[in-house]
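**Q** I would like to see how this sequence folds:
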Amino acid sequence: MEVREPSAKYLARPAYKQTEVGVIPEDWVSPSIKEIAANRPNAIVGGPFGSDLVSKDYVATGVPVVRGQNMALHYVSGEFAFVSESKAKYLQANTARPNDIIFTQRGTLGQISIVPSQPFEKYVVSQSQMKLTLNADLADSEYVYQYFLSASGQKQILDSAIQTGVPHTNLGILRSYRIPAPPTLAEQQAIAEALSDADALIESLEQLLAKKRQIKQGAMQELLTGQKHLPGFAGEWEVKRLDRLADIRSGGTPSTLRSEFWDGDVLWCTPTDITGLNGHKYLGDTSRKITALGLKASSAEIIPPRSVVMTSRATIGECAINLVPLSTNQGFKNFIPFYDVDVEFLYYLLATQKQGFISLCGGSTFLEIGKTQLAAYEVSIPSTKTEQTAIATVLSDMDAEIAALEAKLAKARKLKQGMMQELLTGRIRLV
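**A** Numbers count the residues shown, from 1 in each chain. Below you'll find the model as predicted:
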């Protein structure tokens, strides 16, 4: 690949051309991986033959082996298996070093990671990975990595994959991949730095979000078991059956053979409506609806707003608070709280009982918990609704903070995608 300074006329009056990797600026190039690989043996190499690296070769410490679970976002990381120095020397053709790029060869195609400079000086590539060492005078590792993370790069990997048996690729296909490339390393590095900064923001938000979720789990463990009282509250909690906290109702399904029972204006909840909330608390709509006639002809009934709907078949214990009147199918047990029970507290309390509910299902292959079993299930609960509400408020505030972080993270990811589309195609130039 020719490396040259960009012409001023292109910066002032950008012109574009069609290439194998799409429309790019006229002063950009589209080299193949083979053309930008280092000019030395084993610059593009796969893992060892199956018999050359087996589980009995693994030792407690030594040279780490890059396997599928180590293909993390950006840098190779995680829990490593190791081989001895002598084994690594035997497999030196399959060795990866800092700034090399690792591609998954079979299985989860599209995984790509960079070999970091710390804490190890070298790695052995497993049978399911391929290693690329670039010519540092022609291509920047971070830039190439970012391109293959992009929608265009991922499409190139997946479209070229061999689909027989387990989806896989090979070294010949890897060599044929092409990238859109600015004419100078400086511009490649500027683009890579901007995208890496976006990655750093995303990673920091992910870490903060994980920490906030962990803090919430700890708070739920303390506050919903009476281990810790909020300021102003004291005293022992009461043990009560669930049927002393709420009216427990089931659901039903109208006949699917009767068209007049379907596509009406009665919300009809199925488990996918709950799992689709991804852990969020409130349910305001359902993907399917039934008619009033369908409601009357089945065991489904209207559950009033501010109740807790909970899955009770196959997927056990997934909860939501319905904000509107709705009905559910038979895969639910629904809790209409009594006047002295805070619905938000009940939601959080039920959410912590999932394993207990599953244990009631016995050893059947198709898990289901019945109304009688749930009615007799005992939980500890504050004796006053005021304390219940106070606990629910603390947890709701944590949920709101988590939701705000989730929205910020989604926005950061969307921004990164937009940056990739603009910077990796030359529509926006960093000078």
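
**Q** pLDDT of the helix or strand Leu158 falls within, averaged?
**A** Assigned by DSSP states H and E, Leu158 belongs to helix 151-159. Across helix 151-159, pLDDT averages out at 95.

**Q** quick check: mean pLDDT across stretch 313-328?
**A** So the average pLDDT for stretch 313-328 ends up being 95.

**Q** Ends of it, what's the gap?
**A** 12 Å (CA to CA, to the nearest Å).

**Q** Could you give the separation of that stretch from the chain centroid?
**A** Stretch 313-328 sits 23 Å away from the centroid of its parent chain (CA atoms, centre = their mean, to the nearest Å).

**Q** do the same with stretch 144-162
**A** Centroid separation for stretch 144-162 versus its chain: 19 Å, with CA atoms, centre = their mean.

**Q** what's the span of it, first residue to last?
**A** Terminal residues of stretch 144-162 are spaced 22 Å apart (CA to CA).

**Q** CA-only coordinates of the helix holding Leu158 in PDB, if you can.
**A** The C-alpha coordinates for helix 151-159 follow below in PDB (Å, rounded to 0.1, in the frame of the first residue of the first chain):
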ATOM      1  CA  ALA A 151     -21.000  -2.900  10.400                       C
ATOM      2  CA  SER A 152     -19.100  -3.000   7.100                       C
ATOM      3  CA  GLY A 153     -16.200  -5.000   8.600                       C
ATOM      4  CA  GLN A 154     -18.500  -7.500  10.300                       C
ATOM      5  CA  LYS A 155     -20.500  -8.000   7.100                       C
ATOM      6  CA  GLN A 156     -17.400  -8.800   5.200                       C
ATOM      7  CA  ILE A 157     -16.400 -11.400   7.800                       C
ATOM      8  CA  LEU A 158     -19.900 -13.000   7.900                       C
ATOM      9  CA  ASP A 159     -20.600 -12.900   4.200                       C
END
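
**Q** If we ignore the residues flanking it in sequence, what's nearest Gln127?
**A** Of all residues not flanking Gln127 in the chain, Gly47 sits nearest, at 4.0 Å (CB to CB, 6 or more residues apart in numbering). Where you see a C-beta, it was placed from the backbone N, CA and C, and this is true even at glycine.

**Q** Kindly report the same for Glu260.
**A** Leaving aside its sequence neighbours, Glu260 sits nearest to Leu293 (CB to CB, 6+ apart; 5.8 Å).

**Q** A strand includes that neighbour, no?
**A** No. Going by DSSP: H, G, I helix; E, B strand; the rest coil, the assignment for Leu293 is helix, not a strand.

**Q** wait, isn't it in contact with Ser259?
**A** No. Using CB atoms under 8 Å, Leu293 makes no contact with Ser259, being 10.7 Å away.

**Q** Give me the more crowded residue out of the two.
**A** Under the criterion of other CB atoms under 10 Å, the comparison of Leu293 against Ser259 puts Leu293 first, with 15 against 10.

**Q** which residues does that one contact?
**A** Residues in contact with Leu293 (CB atoms under 8 Å, 6 or more residues apart in numbering) are Glu260, Phe261, Gly264.

**Q** pLDDT value on it, please?
**A** 97.

**Q** do you know how far the residue nearest to Glu260 is from Ser255?
**A** Per CB to CB, to the nearest Å, Leu293 is found 11 Å from Ser255.

**Q** Are there residues contacting both of the two? Which ones?
**A** Shared contacts of Leu293 and Ser255, defined by CB under 8 Å, 6+ apart, are found at Phe261.

**Q** Could I get the full set of strands for the stretch 101-250 of the chain?
**A** Assigned strands in the stretch 101-250 of the chain, in chain order: 101-104, 112-114, 123-125, 129-132, 238-241, 246-250 (criterion: DSSP state E, counting those that start in this stretch).

**Q** Ala300 is nearest to which of the ones you listed?
**A** strand 246-250 (8.6 Å; CB to CB).

**Q** What does the residue nearest to Glu368 when sequence neighbours are not counted show for phi and psi?
**A** Distances taken as CB to CB, 6+ apart put Arg313 closest to Glu368, at 4.5 Å, once the chain neighbours are dropped. In this entry, Arg313 is assigned phi and psi values of phi -140, psi 130 (degrees, to the nearest 10).

**Q** Please renumber the chain so that the first residue is 32 from this point on.
**A** Will do, 32 is the new start, and the previous item becomes Arg344.

**Q** number of nearby residues for Arg344?
**A** The number of residues near Arg344, taken as other CB under 10 Å, comes to 18.

**Q** Run through the residues that contact it.
**A** Pro302, Gln361, Gly362, Phe363, Phe397, Leu398, Glu399, Ile400.

**Q** Quick check: next helix or strand after the lowest-mean-pLDDT helix or strand in the chain?
**A** Of all helical and strand segments in the chain, the minimum by mean pLDDT, DSSP states H and E falls on helix 39-43, at a mean of 41. Counting by DSSP H and E, the next helix or strand C-terminal to helix 39-43 is strand 47-50.

**Q** What are the phi and psi values at the closest residue in space to Gly81 that isn't next to it in sequence?
**A** In this structure, Gly81 finds its nearest non-sequential neighbour in Gln158, 5.9 Å apart by CB to CB, 6+ apart. For Gln158, the backbone dihedrals (degrees, to the nearest 10) come out as phi -70, psi -20.
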